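Engineer: A structural model of the following input is requested.
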Amino acid sequence: MKDYDGTEYGDVESSADFAAVPDAFQRLWTPHRLAYIENGQPPGADVCPFCIAPSMDDKKALIVARGKYAYVLLNLFPYNSGHVLVCPYRHVATYDEATAEEVAEIASLTQTAMRVIRETSGSHGFNIGMNQGKIAGAGIAEHLHQHIVPRWATDSNFFPIIAGTKAVPRLLGEVRDEIAAAWPQSQHE
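Structural biologist: Down below sits the predicted model:
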């Protein structure tokens, strides 16, 4: 086959030759993510993953830090490397149901997460937010969680917009270990 400029390159199989219905989607093969998919919450399960995570080993649950009322873990399906969630241990759905102690610790853990992620990854900014309820886009609406997504000046491109794909360059376990190691010991339980 030839590239757009006429340069020859290796054989590429057309998806039209496979036993499937052709569609307009491009595929980015990421077999390393199978571990995250297989260990994630199965569809239709009636157990809250944010209630289960604290009872698991920190590495397996991707927990980077634990507080008295809340904890921090990596998002299983991150928007960017270092995308963490801050969750109260208590199973509450919305921010207004959280106690003053939970709110204070969520805020404190968020600040620390920002400092640690900036230190470990050199991020230039952050998106921080909570989606409250299914209608607002919460993937797990029953358990309050705040997203902290690191951003870099160079992470803007058209790959997510045009191809509908987000490339995450590092394995979750590596990122978890790095953030957990850099977390101030005074905030570890």
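Engineer: use CA for all of it now, contacts and neighbours both
Structural biologist: Noted.
Engineer: who's in contact with Ala53?
Structural biologist: With contact set as Cα atoms under 8 Å, 6 or more residues apart in numbering, Ala53 has these partners: 61, 63.
Engineer: now it: how far from Asp177?
Structural biologist: With the distance defined as Cα to Cα, to the nearest Å, Ala53 ends up 16 Å from Asp177.
Engineer: show me the longest helix that occurs in this protein.
Structural biologist: helix 100-121 (DSSP state H).
Engineer: please save the CA atoms from that helix in CSV.
Structural biologist: Listed in CSV are the C-alpha atoms of helix 100-121, where the atom choice follows Å, rounded to 0.1, in the frame of the first residue of the first chain:
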residue,chain,number,x,y,z
ALA,A,100,-19.1,19.2,57.4
GLU,A,101,-16.2,16.9,58.3
GLU,A,102,-16.5,15.0,55.0
VAL,A,103,-16.7,18.3,53.0
ALA,A,104,-13.6,19.6,54.8
GLU,A,105,-11.6,16.5,54.2
ILE,A,106,-12.6,16.2,50.5
ALA,A,107,-11.4,19.8,50.1
SER,A,108,-8.1,19.1,51.9
LEU,A,109,-7.5,15.9,50.0
THR,A,110,-8.2,17.7,46.7
GLN,A,111,-5.6,20.4,47.5
THR,A,112,-3.0,17.8,48.4
ALA,A,113,-3.8,15.8,45.2
MET,A,114,-3.3,18.9,43.1
ARG,A,115,0.1,19.6,44.8
VAL,A,116,1.2,16.0,44.5
ILE,A,117,0.1,15.6,40.8
ARG,A,118,1.7,18.9,39.9
GLU,A,119,4.9,17.7,41.5
THR,A,120,5.0,14.2,40.0
SER,A,121,3.7,15.0,36.5
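Engineer: could you say what helices and strands that helix packs with?
Structural biologist: Helix 100-121 makes packing contacts with strand 70-74, strand 84-88, strand 146-151, helix 172-182 when contacts are defined by 3 or more Cα pairs under 8 Å, 6 or more residues apart in numbering; DSSP states H and E.
Engineer: so can I have CSV of these showing distance to Met114 and mean neighbour count?
Structural biologist: Shown next, in CSV, are the helices and strands packed on helix 100-121 (distance: least, Cα to Cα, whole Å; neighbours: other Cα atoms under 10 Å):
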stretch, distance to Met114, mean neighbour count
strand 70-74, 11, 25
strand 84-88, 10, 27
strand 146-151, 8, 23
helix 172-182, 10, 18
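Engineer: could you dump those into a markdown table and include mean pLDDT and distance to Val64?
Structural biologist: Listed next are those as a markdown table, based on pLDDT from 0 to 100; distance: least, Cα to Cα, whole Å:
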| stretch | mean pLDDT | distance to Val64 |
| --- | --- | --- |
| strand 70-74 | 97 | 5 |
| strand 84-88 | 98 | 9 |
| strand 146-151 | 94 | 13 |
| helix 172-182 | 92 | 4 |
